[in-house]
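Trainee: predicted coordinates and the sequence they were generated for:
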Amino acid sequence: MRAEVFIALVFSLPIASAQTDWPTYGHDSASTRFSPLKQIDSANVSKLTRAWTFHMSQGAAPAAPAPGGRAGGRGPRGSEATPIVAGGVMYMPTPYNRVIALEPETGKLIWEYRIDGANATMRGVEYWPGDKQSPPQILFGTTDGRLMALNAKTGKPVPGFGNEGSVNMKAGIDNGFETGQFSLSSPPKVYKNVIITGARVQESPSLGFSGDTRGWDVHTGKLLWQFHSVPRPGEDGAETWEGESWQKRSGTNVWGLISVDEELGLVYLPYGSPTYDFYGADRKGANLYGNCLVAVDAVTGKLKWYFQAIHHDTWDYDLEAAPVLFDWVHDGKKIPALAEVSKVGFVYVLDRRNGKPIFGMEERPVPKGDVPGEQYWPTEPWPVKPPPLARMSFKPEDFAKVTPEHEKVCRDLYEIEGLHNDGPFTRYGTTGSIVFPGTLGASNWHGASYNPELGYLFVNVLELADIGKVSRQPEGSKVAYTRNGFARFWNADKFWPCQSPPWGEMVAVNLQTGDIAWKVPLGIIEELEAKGIHGTGAPNIGGSIATAGGLVFIGATNDHYFRAFDAKTGRVVWETKLEAGAYATPMTYQGKDGRQYVVVSAAGGSYYDRTSGDSVIAFALADTASGAR
């Protein structure tokens, strides 16, 4: 691609005005996770050193378990939080019932807000800059179903917002149930004066609290609009639910992250699957807006378009990553586009004005299952480009042979469970299946980052299958058939997948052509490295960021390393081992001292890691760092 096209891409992005800050989860409303800072680059990144460390558990009081949240007490608790920096202050939630503000140059605590009986949104908070009516605010959800607004300067609740800074989000979505799970697991998004919130609801049983998306007035907390994720009779999409199966349906929720096109005034909502995830005989039909990317008017909540990635999901293949907004240049014409990564390993590249595929889309036949009463959808959407980023099938010759002991564990699992795989989109049936990718997905909530100068999308990929089958439940059960557990296709003692490596990869996709630019292993298995077995990659979860310095930063792997890749080539140019795994997306900003900092939460305790921590760690160049604290 020519240099002038690169420049056009850079200046066409809706990058936040505060170029030196990181004012929202994805850096900007387009969720590019791209910083224009370039003090740190591929030539000097090797000089990065720890500048400061903040321990999230410091000062934490013992607490009872929070509803829908993590256990109480002072002990280590995992965190997927990405801090934000706005107006010279860092803000983030901790898993210790607090939201905190830090001095971004030193990690010194400025203020903390203790949440009574609950935790804050686990992945981050949102910043609103304020106006003549209201001061700047920090917005977040809680594990007990509240939407809260704090004064960004003082950390005190905003009196005019709801009831003394708190809105009960359970009202209007309970579907007639007196109790039920509802919270936010990801930060809200603000467009002008509208707060847009998703929902974290139950995965089983089928009926329960609604997963509707809503818009709220940032000044008062008043409900402005509510988009029915399961359409009601007379609404678009109602015909995709047979009979009365739409009633009181749970799931179909945006538990992940949201993007906003500030020019078009559209908000892009990635929806998860309807409940129950693995059995749909009680919800025959395509089940809109389950597993859809939906665009609605950010001010009114009115539907503009939708794209369904999975029809009638029985795999738990949620959409949950924030779509990355970018401009696609074709024949000299600039087309507003987006890229949505997915659990199944596809990257859906769409025109963000209307949802039409940029590179084409095919409906391909997929295997049928054998669960009685189920109405399997015969096809699923398959992008013409880019190619799948992860493995989608398994054959016996694919067993890993990294050690004889590991191979035996996996072959025994295969034979004892009587497992089989029917290729892409293998079903969970009445006999044991190997399903690639598994419910953790090739990608998950962390999604992708994007460098507009290269036109590259960066995705960390997990190569891990689930195994299981669907079994009949006793008469009178709330769900007739359920999946037997959430087992993985791996050696559970070591967290090593059963198929041949690589088990984790970093992939760069050229979004202008739809081709893979580069693909390299992500992470190492130290035990295998010691045996001379290299290039295995490692299980990973947590996202990347890209910078104008030509770098991609990512933790994510269960080897506990934090790395920087050269954005052009995929070469690792810096790495450091942390005290625990960094299963969160990092961020970067320029402090008031002129230094560029890179920060990541390292709290460990993921799906494949028994080590816990509580650190928020900042790195800067050695000749500018102020020393570890």
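Mentor: Structure's in. What do you need? Numbering: from 1, shown residues only.

Trainee: could you use CA atoms for every contact and neighbour count after this?
Mentor: Will do.

Trainee: now what about stretch 582-589, what contacts it?
Mentor: 20-22, 27, 33, 35, 37, 79-85, 123, 446, 540-545, 553-557, 560-562, 596-604, 606 (CA atoms under 8 Å, 6 or more residues apart in numbering).

Trainee: identify each buried residue in stretch 384-396, please.
Mentor: 384-386, 388-394 (16 or more other CA atoms under 10 Å).

Trainee: what about those residues, which are in helices?
Mentor: Nothing among the buried residues of stretch 384-396 maps onto helices, per DSSP state H.

Trainee: give me every residue that touches the residue nearest the centre of the chain.
Mentor: Centroid-nearest residue in the chain, with CA atoms, centre = their mean: Trp445, separated by 1.3 Å. Counting by CA under 8 Å, 6+ apart, Trp445 makes contact with 256-257, 320-322, 542.

Trainee: mind checking which of the contacts of stretch 582-589 are in strands?
Mentor: Of the contacts of stretch 582-589, the ones assigned to strands by DSSP state E are 35, 84-85, 544-545, 553-554, 561-562, 596-604.

Trainee: thinking again about what came up before, can you redo the buried residues of stretch 384-396 as JSON lines with distance to Leu207 and pLDDT?
Mentor: JSON lines is the format used below for these (distance: CA to CA, whole Å; pLDDT from 0 to 100):
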{"residue": "Val384", "distance to Leu207": "36", "pLDDT": "98"}
{"residue": "Lys385", "distance to Leu207": "37", "pLDDT": "98"}
{"residue": "Pro386", "distance to Leu207": "37", "pLDDT": "98"}
{"residue": "Pro388", "distance to Leu207": "34", "pLDDT": "98"}
{"residue": "Leu389", "distance to Leu207": "34", "pLDDT": "98"}
{"residue": "Ala390", "distance to Leu207": "33", "pLDDT": "97"}
{"residue": "Arg391", "distance to Leu207": "33", "pLDDT": "98"}
{"residue": "Met392", "distance to Leu207": "31", "pLDDT": "98"}
{"residue": "Ser393", "distance to Leu207": "32", "pLDDT": "98"}
{"residue": "Phe394", "distance to Leu207": "34", "pLDDT": "98"}
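
Trainee: nearest to Val45, of those residues?
Mentor: Nearest to Val45, judged by CA to CA, of the buried residues of stretch 384-396 is Leu389 at 28.0 Å.

Trainee: quick one, what contacts that closest one?
Mentor: Contact analysis of Leu389 by CA under 8 Å, 6+ apart lists 345-347, 442, 461, 507.

Trainee: per-residue confidence for Asp41?
Mentor: On pLDDT, Asp41 comes in at 98.

Trainee: tell me the contacts of it?
Mentor: Applying CA under 8 Å, 6+ apart, the residues near Asp41 are 548-551.

Trainee: can you do 6 Å?
Mentor: Residues near Asp41 by CA atoms under 6 Å, 6 or more residues apart in numbering: Gly549.

Trainee: for it, phi and psi?
Mentor: For Asp41, the backbone dihedrals (degrees, to the nearest 10) come out as phi -140, psi -180.

Trainee: ok but Cys528 is inside a helix, no?
Mentor: No, residue 528 isn't Cys; it's Leu. Yes - under DSSP: H, G, I helix; E, B strand; the rest coil, Leu528 falls within a helix.

Trainee: number of residues surrounding it?
Mentor: 14 (other CA atoms under 10 Å).

Trainee: again with the one 10 residues further on
Mentor: Ala538 is surrounded by 28 other residues when neighbours are defined as other CA under 10 Å.

Trainee: pretty sure it is touching Glu527, no?
Mentor: No - with contact defined as CA atoms under 6 Å, Ala538 does not reach Glu527; the gap is 11.8 Å.

Trainee: and Gly627, what's its pLDDT?
Mentor: Here, the pLDDT recorded for Gly627 equals 40.

Trainee: and Ala63, by the same measure?
Mentor: Ala63 is given a pLDDT of 43.

Trainee: repeat that for Gly208.
Mentor: 96.

Trainee: quick one: the residue nearest to it when sequence neighbours are not counted from Ile541, how far?
Mentor: Leaving aside its chain neighbours, Gly208 sits nearest to Ser250 (5.0 Å; criterion: CA to CA, 6 or more residues apart in numbering). Noted for Ser250: a distance of 26 Å to Ile541, by CA to CA, to the nearest Å.

Trainee: burial of Gly88, as a residue count?
Mentor: Using other CA under 10 Å: Gly88 sits among 17 other residues.

Trainee: check this protein for its longest helix and report it.
Mentor: Using DSSP H to define each element, the chain has its longest helix at helix 404-416.

Trainee: quick one: buried residues of it?
Mentor: Under the neighbour-count criterion of 16+ other CA under 10 Å, helix 404-416 has 406-408, 410, 413-414 buried.

Trainee: what is the nearest of the residues you listed to Lys368?
Mentor: Ranked by distance to Lys368 (CA to CA), the buried residues of helix 404-416 are led by Tyr414 at 21.2 Å.

Trainee: mind listing what the closest one touches?
Mentor: Counted by CA under 6 Å, 6+ apart, Tyr414 has zero contacts.

Trainee: check what pLDDT it gets.
Mentor: If you check Tyr414, the pLDDT there is 97.

Trainee: three-state assignment of Thr430?
Mentor: Secondary structure, three-state DSSP: Thr430 is coil.

Trainee: from Thr314, how far off is it?
Mentor: Using CA to CA, we find Thr430 at a distance of 13 Å from Thr314.

Trainee: tell me which of the two has more neighbours.
Mentor: Thr314 (23 against 17).

Trainee: pretty sure that one is touching Phe278, no?
Mentor: Yes - using CA under 6 Å, Thr314 makes contact with Phe278 at a distance of 4.2 Å.

Trainee: skip the chain neighbours and tell me the closest residue to Pro386.
Mentor: Pro386 sits nearest to Gly514 (CA to CA, 6+ apart), 4.6 Å away.

Trainee: what about that neighbour, how many neighbours?
Mentor: Neighbour count of Gly514, defined by other CA under 10 Å: 17.

Trainee: of the contacts of stretch 582-589, grab the buried ones for ChimeraX.
Mentor: The ChimeraX command for the buried members of those (criterion: 16+ other CA under 10 Å) is given here:
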select :20,21,22,27,33,35,37,79,80,81,82,83,84,85,123,446,540,541,542,543,544,545,553,554,555,556,557,560,561,562,596,597,598,599,600,601,602,603,604,606
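
Trainee: quick one: pLDDT of Pro76?
Mentor: 57.

Trainee: re the thing from before, what is the burial count for the residue nearest to Gly208?
Mentor: 29.

Trainee: which ones are touching it?
Mentor: Counted by CA under 6 Å, 6+ apart, Ser250 has contacts 207-210, 275.

Trainee: of those residues, which belong to helices?
Mentor: Among the contacts of Ser250, no member is found in helices (DSSP H).

Trainee: do you know how far Lys47 is from Trp216?
Mentor: In terms of CA to CA, Lys47 sits 45 Å off from Trp216.

Trainee: okay, those two: which has more neighbours?
Mentor: With neighbours defined as other CA under 10 Å, Lys47 and Trp216 compare such that Trp216 has more, 21 against 14.

Trainee: bridging residues for the more buried one?
Mentor: Beta-bridge partners recorded for Trp216 (DSSP bridges): Ile195, Leu223.

Trainee: and for the residue nearest to Tyr608 when sequence neighbours are not counted, the neighbour number?
Mentor: Once flanking residues are discounted, Tyr608 sits nearest to Phe495: 5.9 Å by CA to CA, 6+ apart. When neighbours are defined as other CA under 10 Å, Phe495 has 18 of them.

Trainee: and for the one 3 residues further on?
Mentor: Per other CA under 10 Å, the neighbour tally for Cys498 reads 28.

Trainee: check Ser477 too.
Mentor: Counted with other CA under 10 Å, Ser477 comes out at 10.

Trainee: any idea how far it is from Phe486?
Mentor: For Ser477, the distance to Phe486 - CA to CA - is 20 Å.

Trainee: circling back: list buried residues within the contacts of Leu389.
Mentor: Neighbour counting by 16+ other CA under 10 Å classes 345-347, 442, 461, 507 among those as buried.
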